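Q: below are the sequence and a predicted model; questions follow.
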Amino acid sequence: MKSKPRVLLLSASSGAGHVRAAQALEKAFDARGDCVVEQIDAMEYASKLFQRIYDKTYISIVRRAPNLMGVLYDRTDQPWQRMKRRLVFDRLNTAPMVRLLKRVQPDLCVSTHFLPAEIIAWLIAKKKLSAKSAIVVTDYDVHAIWLCKTVHRYYVALDESVEYLAQVGVPREIIRTAGIPVDPVFATALDRAEVRRKLGLDSVATVLLVAAGGYGVGPMEQLVSALLNLKQGWQIVAIAGKSEKLRRRVEKLAEKSGTLQSGAKRLIAVGFTQEMDRYMAAADLLVGKAGGLTTSEALARGLPMALIEPIPGQEERNADHLLEEGAAIRCNNFPAAAWKIARLLDDSRRLAKMREAARILGRPNAAADIAEDALRLVD
């Protein structure tokens, strides 16, 4: 009897989105029952210095010098350039991951981060790994850092990305438009009224879901205050992510914000949550950053977005695609953001069109589709 193929999912905890994409894929592969799947964080198999550079330095730049992030993003977006130099540095700092891959010898490797994808491609090229390799790009644009020579499948979010990869030399036949994988729970339809009841939200008020991202990055506190100052009949749910300090500050705002006519709280503070699918199903508008995973989750729920000061680089490019398709507005000037959001919410026809655009763009089954296609590589 033929043994089940062994699938290794590789992410990296430098930004929460890569890990969430891998977790979504793990659920999708596991649900099939025809393979053995395991997920690893590449950062756990890297040197301490390397972890600091990829994680803490990244978050620090995003918080303190976002324009620098944009400069670095643009300057390094040169297809097939500096690959050898980067590979040498990465190999020196990821020896434990190399040893793991050689020992495990999986049948299929699926990477949701460019770091393990690059190491896997090198091992396959050197015939030290016989696995098939798939790369899942977790933003709408494909930065040059995702490019590898020895890859059997690329999964991208948009047809435009297929064309881009083909034009820079990736064989068109190995590229698939699949969307960015989100947790399979986003594919389950939910009744909005029932979800609101279970979450303790107002049954009729407009609900704004303000999300700071997994690491609590962004001016959430100031934005929530500005929205409250408009004295509208909205209910605001503020998701602070992993930042306990931010959650406590928003809770203090909530204590002073009062209640709606129904008696429901005007502001509800939420920390890290596993129920984003429910909050998105209950909301009328998502207000937050333009990360690939968060926006893909919103699209899967048909939820329009107000994007606040996208970080230069990948977030700006993500925002451009969403604006082009009519699923989002972009608030570049923070002091006017609350006014712009209020203006949108006053225009019910425009909001309905944005919701429909989001629904059309959404790919709630992306994880399952990727799992099905990727396993064909090892048939």
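A: All right, it came through fine.
Q: excluding chain neighbours, what is closest to residue 80?
A: Spatial nearest neighbour of residue 80, chain neighbours left out: residue 147 (6.2 Å); criterion: C-beta to C-beta, 6 or more residues apart in numbering. (Glycine included, C-beta is placed from N, CA and C.)
Q: could you count how many residues lie near the one you found?
A: Neighbour count of residue 147, defined by other C-beta atoms under 10 Å: 23.
Q: go on, the one 10 residues further on?
A: Taking other C-beta under 10 Å as the neighbour definition, residue 157 ends up with a count of 28.
Q: next up, the contacts around it.
A: For residue 157, the contacting residues are 137, 139-140, 177-180, 292, 296, 363, by C-beta atoms under 8 Å, 6 or more residues apart in numbering.
Q: if you set the cut-off to 10 Å instead, what comes out?
A: Each residue near residue 157 by C-beta atoms under 10 Å, 6 or more residues apart in numbering is listed here: 136-142, 177-181, 292, 295-296, 299, 318, 321, 361, 363, 366.
Q: where does the chain have low pLDDT?
A: For the chain, the stretches with pLDDT under 70 are 1, 15, 54-60, 62-63, 65, 213-218.
Q: now do the helix or strand containing residue 226: which elements does it pack against?
A: With elements taken from DSSP states H and E, the one containing residue 226 is helix 220-229. Packed against helix 220-229, as judged by 3 or more C-beta pairs under 10 Å, 6 or more residues apart in numbering; DSSP states H and E, are the following elements: strand 207-211, strand 235-239, helix 244-257, strand 267-270, strand 285-288, strand 305-308, helix 337-345.
Q: for the stretch 101-250 of the chain, which segments count as helices?
A: With helices called from DSSP state H, counting those that start in this stretch, the stretch 101-250 of the chain shows them at 114-125, 159-167, 192-199, 220-229, 244-257.
Q: chain center to the last one, what's the gap?
A: Relative to its chain's centre, helix 244-257 lies at 25 Å (C-alpha atoms, centre = their mean, to the nearest Å).
Q: check the second one too.
A: Its chain's average C-alpha position is 20 Å from that of helix 159-167, according to C-alpha atoms, centre = their mean.
Q: show me what it is packed up against.
A: Under the contact criterion of 3+ C-beta pairs under 10 Å, 6+ apart, helix 159-167 touches strand 153-156, strand 175-177, helix 314-324.
Q: hey, which of those is tucked in deepest?
A: A comparison of these by mean neighbour count, using mean count of other C-beta atoms under 10 Å, puts strand 153-156 on top with a mean of 24.
Q: most centrally placed residue in this protein?
A: Central residue check for the chain by C-alpha atoms, centre = their mean: the C-alpha nearest the mean position is that of residue 293, 1.7 Å away.
Q: in the protein, spot the helix with the most residues.
A: What stands out as the longest helix in the chain, according to DSSP state H, is helix 16-32.
Q: tell me the buried residues in that one?
A: Buried residues in helix 16-32, defined by neighbour count with 16 or more other C-beta atoms under 10 Å: 16-30.
Q: show the subsequent helix or strand relative to it.
A: The first helix or strand that comes after helix 16-32 along the chain, using DSSP H and E, is strand 36-41.
Q: list the buried residues for that following strand?
A: Of the residues in strand 36-41, those buried (16+ other C-beta under 10 Å) are 37, 39-41.
Q: okay, now residue 197: neighbour count?
A: Counted with other C-beta under 10 Å, residues neighbouring residue 197 total 12.
Q: what about the residue lying closest to it once chain neighbours are set aside, neighbour count?
A: Across the structure, with C-beta to C-beta, 6+ apart as the measure, the residue nearest residue 197 apart from its sequence neighbours is residue 203 (7.0 Å). Other residues lying near residue 203 total 10 when counted by other C-beta under 10 Å.
Q: list the contacts of residue 203.
A: The neighbours of residue 203, taking C-beta under 10 Å, 6+ apart as the test, are 192-193, 196-197, 262, 264.
Q: in which helix or strand would I find the residue nearest to residue 180 when sequence neighbours are not counted?
A: Leaving out its chain neighbours, the residue that sits closest to residue 180 by C-beta to C-beta, 6+ apart is residue 296, at 4.0 Å. Using DSSP H and E, residue 296 falls within helix 292-300.
Q: in that helix, what counts as buried?
A: Neighbour counts over helix 292-300 (16+ other C-beta under 10 Å) mark 292-300 as buried.
Q: tell me the one of those residues nearest residue 8?
A: Distance ranking of the buried residues of helix 292-300 against residue 8, using C-beta to C-beta, places residue 293 first at 20.5 Å.
Q: contact partners for that closest one?
A: Applying C-beta under 10 Å, 6+ apart, the residues near residue 293 are 15-21, 24, 112, 138-139, 180-183, 213-214, 276.
Q: before we move on, what about residue 75?
A: The neighbourhood of residue 75, defined by C-beta under 10 Å, 6+ apart, contains no residues.
Q: how about the secondary structure of it?
A: Remark: residue 75 carries the secondary structure label helix [criterion: DSSP: H, G, I helix; E, B strand; the rest coil].
Q: just send the helices and strands packed on helix 159-167 back as JSON lines, with distance to residue 229 too.
A: Shown next, in JSON lines, are the helices and strands packed on helix 159-167 (distance: least, C-beta to C-beta, whole Å):
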{"stretch": "strand 153-156", "distance to residue 229": "41"}
{"stretch": "strand 175-177", "distance to residue 229": "43"}
{"stretch": "helix 314-324", "distance to residue 229": "25"}
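Q: could you find the closest non-adjacent residue to residue 372?
A: In space, and not counting its chain neighbours, residue 372 is closest to residue 32: 7.7 Å by C-beta to C-beta, 6+ apart.
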